[in-house]
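Participant: kindly return the folded structure for what I paste below:
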Amino acid sequence: MFLAGAFLFSQYNKKFYKKWFGGIWSTMAIKKGTHLSICYSDALWGTAARQSHLQFTKLFKCQCDRCRDVSEFGTNYSALLCTKDGCNGAVLPISTEQWDDKWQCRKCGDTMDKRRVEIIMDRAGQDLRAMPKASINACRKYLEHYGKLLYKNHYLLVEVKIQLVQFIGAAGTLDEGGSIGGSQQEQEQKNSLQLIDSELLELKIRLASEIIQLVEKLAPTEARILGLMCFEMHSGLSEKARRIPLESADASVELLRLSYEYVERTVKYLQYEPSILSEGYILKQAKENREYLKSFMGF
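Facilitator: Got it, this is the predicted structure:
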């Protein structure tokens with residue numbers, strides 16, 4: 001069933017997407033003679049988690065460019081935050097061959113014992129698994145607490161940021177416990193993007209922008225997450241434009257133009273998603289929104 005695809009070697013900054021008819025496509029241009037590769041694990045995991053998964057399930061150690069670079073293309077995606085006063089540098093293994101030794105801050109040179117690294121990571125993982133689902137407050141508290149221990153681009157923080165972006169103005173709850181109360185209609189009204197305050201709207205836009213920039217550098221063919229985040233940017237920017245007073249029409253037009261660019265990117269990234277999946281529904285909505293903006297803006 002996968003005879004041709006099995007020839008693709010493992011690589012974590014290039015990933016192809018398959019559908020049940022066996023098609024494979026790439027979001028990037030492929031030059032003649034280029035080795036084709038596929039991700040055999042989750043590209044949004046950190047290096048240690050990916051390597052452990054591969055060695056346990058596939059019996060090999062990945063040696064792609066990303067896995068050989070402890071900084072993961074300069075993103076510091078697996079780094080902890082240096083706790084030395086006034087530093088805030090990225091704490092990482094000295095090399096990929098010394099992952100189980102002391103870690104060192106790339107900025108000040110201070111070292112961190114591996115046991116300390118393990119304690120922080122174990123606790124961060126446990127708290128993430130125990131975190132109330134669909135709770136905006138829980139996400140923000142997690143980011144605030146572990147933002148003092150993990151580097152800003154750490155994959156656990158990114159996972160929570162992705163959830164938070166999608167919760168704001170959609171299915172997220174603002175209560176302390178994270179429970180969802182009331183009827184479905186009441187809940188949807190309570191969490192409507194048009195009803196959230198400006199601070200939450202700006203947070204949604206900022207985090208979505210950060211995630212897009214990070215993923216485009218780290219794993220530029222992760223089409224689904226890029227498509228979803230571009231749609232969230234489009235939605236957030238459109239809502240921000242709606243709130244601008246009529247006397248500031250130029251600012252509103254600029255935001256709508258940017259919103260249109262992001263909905264175009266959404267369609268590009270999700271263009272092959274089947275309609276039965278949630279991504280396929282987002283694609284359908286993105287196409288409708290794109291046509292509306294085209295008509296409204298006179299494109």
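Participant: show me the shaky parts of the stretch 101-250 of the chain.
Facilitator: Counting by pLDDT under 70, the stretch 101-250 of the chain contains low-confidence ranges at 171-191, 247.
Participant: helices along that one, start to end?
Facilitator: Along the stretch 101-250 of the chain, counting by DSSP state H, counting those that start in this stretch, helices occupy 114-130, 136-146, 155-166, 184-190, 198-218, 223-242, 249-270.
Participant: let's have these in JSON lines, adding mean neighbour count and distance to Phe296.
Facilitator: Heads up, the C-betas are built off the backbone N, CA and C, glycines and all. Putting the helices of the stretch 101-250 of the chain into JSON lines (neighbours: other Cβ atoms under 10 Å; distance: least, Cβ to Cβ, whole Å) gives the following:
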{"stretch": "helix 114-130", "mean neighbour count": "13", "distance to Phe296": "41"}
{"stretch": "helix 136-146", "mean neighbour count": "19", "distance to Phe296": "30"}
{"stretch": "helix 155-166", "mean neighbour count": "22", "distance to Phe296": "25"}
{"stretch": "helix 184-190", "mean neighbour count": "12", "distance to Phe296": "25"}
{"stretch": "helix 198-218", "mean neighbour count": "18", "distance to Phe296": "20"}
{"stretch": "helix 223-242", "mean neighbour count": "23", "distance to Phe296": "10"}
{"stretch": "helix 249-270", "mean neighbour count": "18", "distance to Phe296": "7"}
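Participant: using the record's assignment, carve this protein into domains.
Facilitator: Here the domain parsing of the chain from automatic domain parsing is 7-69, 222-299.
Participant: Leu150 is nearest to which of those domains?
Facilitator: Put simply, out of these the one that sits nearest Leu150 is domain 7-69, at 10.4 Å, with distance taken as Cβ to Cβ.
Participant: rewinding a little: Throw the helices of the stretch 101-250 of the chain into a markdown table and include distance to Gly33, thanks.
Facilitator: Supplementary listing: those in a markdown table, determined by distance: least, Cβ to Cβ, whole Å:
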| stretch | distance to Gly33 |
| --- | --- |
| helix 114-130 | 40 |
| helix 136-146 | 44 |
| helix 155-166 | 33 |
| helix 184-190 | 51 |
| helix 198-218 | 24 |
| helix 223-242 | 24 |
| helix 249-270 | 25 |
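Participant: rewinding a little: most packed of the domains of the chain?
Facilitator: For the domains of the chain, average neighbour numbers computed from mean count of other Cβ atoms under 10 Å are highest in domain 222-299, which has a mean of 17.
Participant: span of that domain from start to end?
Facilitator: Terminal residues of domain 222-299 are spaced 29 Å apart (Cα to Cα, to the nearest Å).
Participant: including distance to Ser78, could the domains of the chain go into JSON lines?
Facilitator: Compiled in JSON lines, the domains of the chain are given as follows (distance: least, Cβ to Cβ, whole Å):
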{"stretch": "domain 7-69", "distance to Ser78": "4"}
{"stretch": "domain 222-299", "distance to Ser78": "17"}
